[in-house]
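Peer 1: structure of the sequence below:
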Amino acid sequence: MAWFRRTKDQTLKTVKIPEGLWVKCNGCKEIIYKKEIDRNLKVCPKCNYHFRINAAERIRLLVDEGSFVETDADITAADPLKFKDTLSYAERLKENRKKSGLKEAVITGRARINGHEAVAVIMDFSFMGGSMGSAVGEKITRAAETALNEKLPLVIASSSGGARMQEGIFSLMQMAKVAAAIGKLKENAVPYISILSDPTFGGVTASFATLGDVIIAEPGSLIGFAGPRVIEQTIKQQLPDNFQRAEFLLEHGLIDMVVSRKEMKNTLSKILEHLRTPDPALRQ
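Peer 2: Here you go, the predicted model:
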């Protein structure tokens, strides 16, 4: 029985586990070893929940190693309205640049996807919710113009809460501006593939994100214009289960396919092979 008695000299020792080793999945709620999730491209190995990834991670996921060459890196947001809430807009920009390591909420550049040359646009939700201000709109527009001039397919990976409120009408104007640039691609038979990840909302969904020749979404991504709670309060009705999730939108025809992160690059490559821009002489 002495085995079950604690002597005076015995004390309970606690083992300290370093922070960040384990992650709780937002899908299945299981506690999973973080390195296991990282090895699995930030996808839960138990339920296939796709965690959000930043722009650098998505570039590594989508394009051939060493092929990405950034363009227009010097374009950054101004503060035309001198906006201020609890912080000034200038302070928020400074804070988000430090936190994310980015100058803006989007990175643009030329790249290869399994050997296929393309113009790539990657949004990052960690920078002010991936919001589209005038700098973001300008960078995406220039990327579309580069794709048009060089007859290269345009690939945009969206992750955004919508227009940037701190820039007011200047932000809303970007919707029409980018949509017009995308329209020129269609007129000239230059392919545009849109990838929607969690979340894609507001003015981004209402403009270029849903104008792709092919629209792809990651599994479980929340995609829409206004949030479900706002819609329910407006129409005074309960929304269906999984409303605005990628699978629901696929079933109802808004998107073309739902593709897991592991298969995204190969799927893009196959689509680019099918949508290769024909010789201009053949379009006459």
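
Peer 1: burial of residue 197, as a residue count?
Peer 2: Using other C-beta atoms under 10 Å, residue 197 is surrounded by 27 other residues. C-beta here means a position set from N, CA and C on the backbone, and glycine is covered the same way.

Peer 1: how near is it to residue 173?
Peer 2: 25 Å (C-beta to C-beta, to the nearest Å).

Peer 1: contacting residues around the residue nearest the centre of the chain?
Peer 2: Residue closest to the mean C-alpha point of the chain, counted by C-alpha atoms, centre = their mean, is residue 159 at 2.7 Å. Neighbour list for residue 159: 52, 123, 124, 125, 130, 197, 198, 199, 200 [criterion: C-beta atoms under 8 Å, 6 or more residues apart in numbering].

Peer 1: what's around the residue nearest to the third one when sequence neighbours are not counted, how many residues?
Peer 2: This means residue 124. Using C-beta to C-beta, 6 or more residues apart in numbering and skipping residues adjacent in sequence, the residue nearest residue 124 is residue 55, 3.9 Å away. Residues near residue 55, counting by other C-beta under 10 Å, number 24.

Peer 1: and what of the one 3 residues further on?
Peer 2: Burial of residue 58 is recorded as 23 neighbouring residues (other C-beta under 10 Å).

Peer 1: next one: residue 203
Peer 2: By other C-beta under 10 Å, 22 other residues sit near residue 203.

Peer 1: give me the distance between the two termini of stretch 123-132.
Peer 2: 9 Å (C-alpha to C-alpha, to the nearest Å).

Peer 1: same question for it, mean pLDDT?
Peer 2: For stretch 123-132, mean pLDDT is 97.

Peer 1: which residues in the stretch 151-284 of the chain form strands?
Peer 2: 154-160, 192-200, 214-217, 257-258 (DSSP state E, counting those that start in this stretch).

Peer 1: turn those into CSV, including distance to residue 43 and mean pLDDT.
Peer 2: Below are the strands of the stretch 151-284 of the chain laid out as CSV (distance: least, C-beta to C-beta, whole Å; pLDDT from 0 to 100):
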stretch, distance to residue 43, mean pLDDT
strand 154-160, 15, 97
strand 192-200, 12, 97
strand 214-217, 14, 98
strand 257-258, 13, 98
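
Peer 1: of the ones you listed, which stretch is the most buried?
Peer 2: Mean neighbour count, computed with mean count of other C-beta atoms under 10 Å, is highest for strand 154-160 among those, reaching a mean of 28.

Peer 1: sheet partners, orientation included, of that one?
Peer 2: Within its sheet, strand 154-160 is paired with strand 116-123 (parallel), strand 192-200 (parallel), according to DSSP bridges.

Peer 1: which among those is found nearest to residue 90?
Peer 2: strand 116-123 (21.8 Å; C-beta to C-beta).

Peer 1: now that closest one: how far from the chain's centre is it?
Peer 2: 13 Å (C-alpha atoms, centre = their mean, to the nearest Å).

Peer 1: can you mark which positions in that strand are buried?
Peer 2: Using 16 or more other C-beta atoms under 10 Å as the test for burial, strand 116-123 gives 116, 118, 119, 120, 121, 122, 123.
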